[in-house]
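> What follows is a predicted structure for the sequence shown.
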Amino acid sequence: MELQEKLRVLSDAAKYDVSCSSSGSNRKNTPGGLGNASESGICHSWTEDGRCVSLLKILFSNECVYDCLYCTNKRSNATQRATFTPEEVVELTLNFYKRNYIEGLFLSSGVVKNPDFTMEQLLKVVKDLRTRKFNGYIHLKGIPGADAKLIHAAGNYVDRMSINIELPSEKSLMTLAPQKKKENILLPMAAMKEEIQQYQADKKIHRSAPAYLPGGQTTQMIVGASPESDLNILKLSEGLYNQLSMKRVYYSAYIPTNENSRLPSIQTKPPLLREHRLYQGDWLLRFYGFSAKELLNPKNPNFDLDLDPKCFWAIENLERFPMEINRVSYEELLRIPGVGIRSAGKIIKARRMGSLNYQDLKKIGVVLKRAKYFITCKGKYFGGISIYPENIRRQLVQKPKEDQIQLSIFDLYSESILRKEGPGKVMGEL
Ligand code: SF4
């Protein structure tokens, strides 16, 4: 098969992988080297279906011997197959890079022959790229089940590695991806965490300590192909952040790619909105000090698709409101819908000069159309309605249009913006 045709097949096959953001990893060019990975990150482009891709986002191969039911590349699917050679991927990357088409490589693969063989091929690609002085960003997918030594070795050459957790429970993994084992996913994640921490400790002592996954590790979870609730999903993410120091968990709304009676048939749009709500909930975990069990509980195991998760939480906890904006702590400010990281910081700073009024909050950037139901300013309430859950809910119901959901998902992928501007800029004031 012509290289051009391989590229068409294998870039198309990679479009379902959403964890392709740049990491903000920063490496300068070296004398005689080629390119750099700067914190301005990778140029992103957007696919038709709204996924974020770097220009060279490819699979090494889609000739997969596994048969994961949710996957378009599964063995039993009749689809066009192709496999690069390591040399082809290296040449393509270097050529695209030199022409300024891309700022890095995102490389994943189906399981060719077996996990070890596949990982060896991927390792060869990234090792050769670095040997040829390629300093651009590399995000590599680790292959679950491959020898730990191969996965470890690849970590020495790439900026970020991710092993997909795939599904929110072991039971679903066994049902939908029977060839994948939970331990083959979690053990390498744990090993990578140790290595990354070691590298970070070494770097404090020797600035020139050899880099090991400077962009950390991420993972991806498919949402909607199995019956787990948002609570199950968010608890799992919380564990991944807390115990495995995961940089990001990406949620990918299940997209039916072919007929399969063991998977839910989805004709409508809710999965994308659910994915959006999960990203918002994830944001609340990571930046707003919420825990999964505060946001959701067995009585309300799923986010309300009509409300953003912070409004949903606030309405469920109305006894904590209204909060006097001139008195409450930074942590409490972050709990008010419409007050985000940036505006909470500005409120604390501005309060040092005197009490704030409603107009001041507007100037600060508080989203008053949400916040006004949950605050008082100098003792005055501006919500205009009695504080009852149903009253407030009626005012706050908001179904984002599809292009708004897509946009916010795009923004979420841009960690370069996150690093420069802070979480408020990326997600808005939740
Ligand atoms: S291992 Fe599973 S998810 Fe990955 S490409 Fe093969 S069938 Fe798809």
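Thanks, I have it. Residues are numbered from 1 along each chain as shown.
> which parts of this structure sit against the ligand?
Residues of the chain that fall close to the ligand, judged by C-beta under 6 Å from any ligand atom: 64, 66, 68, 71, 73-74, 110-111, 177. Glycine gets a C-beta too; all of them are placed from N, C-alpha and C.
> Stretch 310-318: which residues count as buried?
Buried residues in stretch 310-318, counted by 16 or more other C-beta atoms under 10 Å: 310-316.
> repeat for stretch 165-185
So for stretch 165-185, counting by 16+ other C-beta under 10 Å, buried means 165-168, 172-173, 175-177, 179-180, 182, 184-185.
> from the residues you listed, which is closest to Arg327?
Nearest to Arg327, judged by C-beta to C-beta, of the buried residues of stretch 165-185 is Pro168 at 40.0 Å.
> Can you check the pLDDT for the closest residue to that closest one other than its chain neighbours?
Spatial nearest neighbour of Pro168, chain neighbours left out: Glu228 (4.0 Å); criterion: C-beta to C-beta, 6 or more residues apart in numbering. At Glu228, the model reports a pLDDT of 94.
> how near is Glu228 to the ligand?
Per C-beta to the nearest ligand atom, to the nearest Å, Glu228 is found 18 Å from the ligand.
> shaky segments in the stretch 51-200 of the chain?
Counting by pLDDT under 70, the stretch 51-200 of the chain shows low-confidence ranges at 51-55.
> so where do the strands sit in it?
Assigned by DSSP state E, counting those that start in this stretch, the stretch 51-200 of the chain shows strands spanning 52-54, 57-59, 104-108, 137-141, 160-162.
> ok so, going back, isn't there a strand covering the residue nearest to Pro168?
No: per DSSP: H, G, I helix; E, B strand; the rest coil, Glu228 lies outside any strand segment and is coil.
> What separation do you get for it and Ala13?
Plainly put, Glu228 is 26 Å away from Ala13 if you go by C-beta to C-beta, to the nearest Å.
> of these two, who's got more company?
Just comparing Glu228 and Ala13: by other C-beta atoms under 10 Å the higher neighbour count belongs to Ala13, 24 against 20.
> residues near the closest residue to that one other than its chain neighbours, how many?
Leaving aside its sequence neighbours, Ala13 sits nearest to Asn62 (C-beta to C-beta, 6+ apart; 4.2 Å). By other C-beta under 10 Å, 26 other residues sit near Asn62.
> Any stretches of the stretch 201-350 of the chain with poor pLDDT?
Across the stretch 201-350 of the chain, residues meeting the criterion (pLDDT under 70) sit at 257-270.
> switch the cut-off to 90
For the stretch 201-350 of the chain, applying pLDDT under 90 flags the ranges 206-210, 215, 224-225, 252-273, 275-276.
> quick one: the strands in it?
Using DSSP E, counting those that start in this stretch, strands in the stretch 201-350 of the chain cover 217-223, 248-253, 323-324.
> Please tabulate those in CSV, including the columns distance to Ala350 and mean neighbour count.
Output for those, formatted as CSV (distance: least, C-beta to C-beta, whole Å; neighbours: other C-beta atoms under 10 Å):
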stretch, distance to Ala350, mean neighbour count
strand 217-223, 36, 23
strand 248-253, 32, 24
strand 323-324, 15, 16
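> farthest pair in the buried residues of stretch 310-318?
The distance between the two most remote of the buried residues of stretch 310-318 (C-beta to C-beta) is 10.8 Å, for Lys310 and Glu316.
> quick one on the thing from earlier: of the buried residues of stretch 310-318, just say which sits nearest to the ligand.
Phe312 (32.2 Å; C-beta to the nearest ligand atom).
> Verify the stated contact: that closest one with Asn302.
No: using C-beta atoms under 8 Å, Phe312 is not in contact with Asn302, being 10.0 Å away.
> which ones are touching Met174?
Not one residue lies near Met174 by C-beta atoms under 8 Å, 6 or more residues apart in numbering.
> So it versus the ligand, what's the distance?
Distance, Met174 to the ligand, by C-beta to the nearest ligand atom: 13 Å.
> same deal with Pro298?
Using C-beta to the nearest ligand atom, we find Pro298 at a distance of 31 Å from the ligand.
> Leaving out the residues flanking it, which one is nearest to that residue?
Spatially, and ignoring its direct neighbours in sequence, Pro298 is nearest to Leu231 (7.4 Å; C-beta to C-beta, 6+ apart).
> One more: Ser61?
Nearest residue to Ser61, sequence neighbours excluded (C-beta to C-beta, 6+ apart): Thr83, at 3.7 Å.
> Thought Cys64 was touching the one you found, still the case?
No: counting by C-beta under 8 Å, Thr83 does not reach Cys64; the two are 10.2 Å apart.
> In the stretch 201-350 of the chain, what residue comes closest to the ligand?
The minimum distance from the stretch 201-350 of the chain to the ligand, using C-beta to the nearest ligand atom, falls at Ile222 (9.1 Å).
> ok, back up a step: neighbours around the residue nearest to Pro298, how many?
Neighbourhood size, Leu231 [other C-beta under 10 Å]: 19.
> swap in Pro298?
For Pro298, using other C-beta under 10 Å, the count is 8.
> For Tyr137, which non-adjacent residue is closest in space?
Nearest non-adjacent residue to Tyr137, counting by C-beta to C-beta, 6+ apart: Gly104, 3.1 Å away.
> any idea how far that neighbour is from the ligand?
Noted for Gly104: a distance of 22 Å to the ligand, by C-beta to the nearest ligand atom.
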